[in-house]
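**Q** kindly generate the corresponding structure for this input.
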Amino acid sequence: MKFLKPKFWDKRHLTFQSLILYPFTFIIDLKELFDQIIQPKRYSEIKTICVGNIYLGGTGKTPLVDFLAKILKKKFKTIIIKKKYLDHLDEKILLEKNNKVFFKKNRLESLLTAIKKKFELAIFDDGLQDKKIQYDLKIVCFNSLSLAGNQLRLPAGPLRERLENLKKYDAIFILGENINTKFLKKIKKIKPSIPVFSGEYISTNFQKFKKKNFLVFSGIGNPDSFTKTLKKYNIRYRSNLIYPDHYRYTGIDIKKIKKLAKIKNLKILTTEKDYNRLPKKFRNNINYLKVNLKIQKIKEFNKFIIKCL
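**A** So this is what the prediction gives:
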C-alpha cells in the first residue's frame, strides 16, 4: 500500500481530523462482526506462526519473521509465507536471502502447498486479520516510537482492529528502546498473562558512514525509526526525503535525489529495503544502512517460542 501516514494518527490526543473520520470506523466494526462468522481451520499436518500487527505499517514484522526462521529452521523444515503484493517485493527479496518463501495472493493456498511439500513449520509475514487459518502462535508487533498511535481504528487512526483484541493473541513484540510503561500497563490490563518481548536494530556497517554528511531518503512504514537509528550511530544527515511506504522509485526520482545531493555536496544513504526497490542501473553511488534485529532476553524469547510449538 503506497501512502504517507497521516501525522494525526500518532497524536496522543483527539484531533479534529480524527473526530471527523471517527464515524467511518464502523467499517472495521462490520468486518469484525463478519469475522466472527468465519470458523478458522487448524491444519494439524504443519505448525504455524503468524507475525502481524494491528497498527498499520512500520512495526518490524519482516525482520522478526526472518529472525524466527533463522532459529527455527534448525529444528523444523521451515517455509515463510507472505501474501503477494507487487509493492512488497522489497520484503520478499530480504526474506529470500536466507529462507524459502512462498509469495502468492492467497495465504491458504500457500499453506496447502507447504503441507503438500512436507514442510513442518510455516511462518506467516502478516495475516492476523486473515481469519481462515487458526495459527498455533500469534505475535503482534508494535514500534516503540508510535505504539498504538491515537488508539483509534482506521481511518480515524492507525489501528486495523480494536486494541482490546490483543486478548485474542499470544505474545507482543515491541521494536525499539525506552518502551512506554503506560502502554505496557494498558496491554497487561487487556490480557495480564500475555508476554511482552522487545528488540532493536543493530547496524553492521555503520562504521563506513562515520565523518561524512548525507542526504538520506526512505519509503518505509515508520521513517522516524530510520533517522533514530542514524542518530544512534552518530551518522550525520543534512537532508531527509520521505516517500510513501513501499514506494517504487523511478529513474526520474533517483536523478532528482542525486541532483539534490550534488547541489548540497552530500553523500546518499537509504535503508536496505529501499535500496532493493531501486532500479539496478541507478544504484551507483547510493549507500544503504544494513541492520540486524537484536532480541532482548533472547533465551527467554526462544524458550517461549519453542514451548508454543
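**Q** pull the CA atoms of the helix or strand encompassing residue 36 into CSV?
**A** Taking DSSP states H and E as the definition, one finds residue 36 inside helix 26-37. The C-alpha coordinates for helix 26-37 follow below in CSV (Å, rounded to 0.1, in the frame of the first residue of the first chain):
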residue,chain,number,x,y,z
PHE,A,26,-17.9,1.4,11.6
ILE,A,27,-16.4,-0.3,8.5
ILE,A,28,-13.9,-2.0,10.8
ASP,A,29,-16.7,-2.9,13.2
LEU,A,30,-18.6,-4.6,10.4
LYS,A,31,-15.5,-6.5,9.3
GLU,A,32,-15.1,-7.8,12.9
LEU,A,33,-18.7,-8.9,13.1
PHE,A,34,-18.3,-10.8,9.8
ASP,A,35,-15.0,-12.4,11.0
GLN,A,36,-16.9,-13.9,13.9
ILE,A,37,-19.0,-15.9,11.5
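**Q** and the contacts of that helix?
**A** Residues from elsewhere that reach helix 26-37, judged by Cβ atoms under 8 Å, 6 or more residues apart in numbering: 129, 131, 153, 154, 159, 160, 161, 162, 165. The way it works is simple: take the backbone N, C-alpha and C, and place the C-beta from them, glycine included.
**Q** pLDDT on that helix, on average?
**A** Helix 26-37 shows an average pLDDT of 84 in the prediction.
**Q** which one among the contacts of helix 26-37 sits at the bottom for pLDDT?
**A** residue 131 (86).
**Q** can you pull the contacts of that one?
**A** By Cβ under 8 Å, 6+ apart, the contact list for residue 131 reads 35, 38, 40.
**Q** where does it fall, phi/psi-wise?
**A** For residue 131, the backbone dihedrals (degrees, to the nearest 10) come out as phi -90, psi 10.
**Q** and it, how far from residue 166?
**A** 16 Å (Cβ to Cβ, to the nearest Å).
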